[in-house]
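*Asks:* show me how the following folds:
(chains A and B)
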Amino acid sequence: GESVGLHLPTLSVQEGDNSIINCAYSNSASDYFIWYKQESGKGPQFIIDIRSNMDKRQGQRVTVLLNKTVKHLSLQIAATQPGDSAVYFCAEKAGAGNMLTFGWGTRLMVKP
Amino acid sequence: KAGVTQTPRYLIKTRGQQVTLSCSPISGHRSVSWYQQTPGQGLQFLFEYFSETQRNKGNFPGRFSGRQFSNSRSEMNVSTLELGDSALYLCASSLGRGGEKLFFGSGTQLSVL
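*Replies:* Numbers count the residues shown, from 1 in each chain, chains lettered A, B, ... in the order given. The predicted structure follows:
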């Protein structure tokens, strides 16, 4: 889910559990979606992407699901580890080039 | 391969001054994008350059400008700084085809006093 401003939604999970982070996007014309992870003091780091002609894509320990009907994107992290603790952003792109519109982010906290 | 390099890492300026931030993309990348990140507004797109031409522009005032050089390196400039310009400015590079993953630098933290 998304929040506004300083109060990021927080997802707290136990180490080893699976995590699901949700994102609602706004533009039905968006054709490319991407998830980033941002740790404190660093720039966003690419996790996984998906194009609008797909509804699921898997990477190493991560899966992205896209539901265009309800304009919803989710990131699943399997066997969550302490190193996964960070803020996660979804982003969408519509039109030419690489102009991304970012969501507000979700803070993931992994308890050892 | 070296990542995206942004300089300086930290910057302190006073209101009314101007500032120039620099970004060196990953070797071979021809597109450079700039984003502003603040706690209040999140990550917002400033502009994108590809082959020395501005390809996209976000909704920021004209005080924010940028350019790209023939070697794909990019600079952004903010003139007449305001307190609200305090933010983390992030640069991202990509190959340039569009609809592709962007690789971000660590950003320049600008504080306007």
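*Asks:* tell me, how many residues neighbour whatever residue of chain B ends up closest to chain A?
*Replies:* Using Cβ to the nearest Cβ, the closest approach of chain B to chain A is made by residue B:104 at 3.5 Å. (Glycine included, C-beta is placed from N, CA and C.) Neighbourhood size, residue B:104 [other Cβ atoms under 10 Å in any protein chain shown]: 22.
*Asks:* assign the residue nearest to it when sequence neighbours are not counted to helix, strand or coil.
*Replies:* Spatial nearest neighbour of residue B:104, chain neighbours left out: residue A:43 (3.5 Å); criterion: Cβ to Cβ, 6 or more residues apart in numbering or on different chains. Three-state call for residue A:43 (DSSP: H, G, I helix; E, B strand; the rest coil): coil.
*Asks:* likewise for residue A:28?
*Replies:* Per three-state DSSP, residue A:28 ends up coil.
*Asks:* list the contacts for it?
*Replies:* Residues near residue A:28 by Cβ atoms under 8 Å, 6 or more residues apart in numbering or on different chains: A:68, A:71.
*Asks:* 10 Å - rerun?
*Replies:* A:52, A:68-69, A:71, A:94 (Cβ atoms under 10 Å, 6 or more residues apart in numbering or on different chains).
*Asks:* distance check, it against residue A:106.
*Replies:* Distance of residue A:28 to residue A:106, given as Cβ to Cβ, to the nearest Å: 22 Å.
*Asks:* residues from chain A in reach of chain B?
*Replies:* Proximity of chain A to chain B, by Cβ under 10 Å from any Cβ of the partner chain, involves residues A:2-8, A:31-34, A:36, A:38, A:41-49, A:51-52, A:89, A:91, A:93-105.
*Asks:* before we move on, the earlier item: please pick the buried ones from the contacts of residue A:28.
*Replies:* Buried positions within those, assessed by neighbour count (16 or more other Cβ atoms under 10 Å in any protein chain shown), are A:52, A:94.
*Asks:* which pair of the contacts of residue A:28 spans the longest distance?
*Replies:* Using Cβ to Cβ, the contacts of residue A:28 span at most 17.2 Å, a distance reached by A:69 and A:94.
*Asks:* and the residue of chain A closest to chain B?
*Replies:* Taking Cβ to the nearest Cβ, chain A has residue A:43 as its residue nearest chain B, at 3.5 Å.
*Asks:* picking that back up, tell me who's in contact with the residue of chain B closest to chain A.
*Replies:* Here residue B:104 is in contact with A:36, A:38, A:42-46, B:3-4, B:6, B:33, B:35, B:43, B:90-93 (Cβ under 10 Å, 6+ apart).
*Asks:* likewise for residue B:82?
*Replies:* Residue B:82 neighbours (Cβ under 10 Å, 6+ apart): B:15-16, B:61, B:63, B:112.
*Asks:* on that earlier part again, could you report the neighbour count for the residue nearest to residue B:104?
*Replies:* 22.
*Asks:* now residue B:80
*Replies:* The burial count for residue B:80: 11, using other Cβ under 10 Å.
*Asks:* what about residue B:43, how many residues nearby?
*Replies:* By the criterion of other Cβ under 10 Å, residue B:43 has 23 neighbours.
*Asks:* so it sits against residue A:34, correct?
*Replies:* No - assessed by Cβ atoms under 10 Å, residue B:43 is found out of contact with residue A:34, at 12.0 Å.
*Asks:* give me the common contacts of those two.
*Replies:* Counting by Cβ under 10 Å, 6+ apart, the contacts common to residue B:43 and residue A:34 are A:44, A:89, A:91, A:100, A:102.
*Asks:* residues in contact with the residue of chain A closest to chain B?
*Replies:* Residues counted as contacts of residue A:43 (Cβ under 10 Å, 6+ apart) are A:36, B:3-4, B:6, B:35, B:37, B:88, B:90-92, B:102-107.
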